[in-house]
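Q: Here's a sequence, model it:
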Amino acid sequence: MTSETEITTLNRKRGNIKSQITKLANAVMDKAEHSIPKLQAQLDVVSKLQEKFELLKNDYYKITNQTEFAEVESSLDSVEDDLLN
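A: Residues are numbered from 1 along each chain as shown. Presented below is the predicted three-dimensional model:
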């Protein structure tokens, strides 16, 4: 059985990534700010978020058993969908 604090920490990291994705999506939807440098910076942020998310998923795989992972899998899928769309 994994420690609740480890899962709580991972859940907070997941929330942080989700928040960053939301902020980025809102910035992209603001059509007034679509300069090339700004778009490149946003693309760089997406790339970094993808890396962080992959590390987070690996951390979940390492510390959770099948039952615990099944509980968070849909949440991870939701974050991944937001990141890819």
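Q: For the helix or strand of the chain with the lowest mean pLDDT, list every residue counted as buried.
A: The helix or strand of the chain with the poorest confidence is helix 66-84; it has a mean of 81 (mean pLDDT, DSSP states H and E). Residues 72, 76, 79, 80, 82, 83 are the ones in helix 66-84 that count as buried (16 or more other CB atoms under 10 Å). For every residue, glycine as well, the C-beta is placed using N, CA and C.
Q: quick one, the longest helix belonging to the chain and helix 66-84 angle?
A: Ranked by number of residues, the top helix in the chain under DSSP state H is helix 36-63. Orientation of helix 36-63 against helix 66-84 (axes from the mean of the first three to the mean of the last three CA atoms, to 10 degrees) gives an angle of 170 degrees.
Q: is it true that residue 7 touches residue 69?
A: No: if you go by CB atoms under 8 Å, residue 7 and residue 69 don't touch, sitting 10.3 Å apart.
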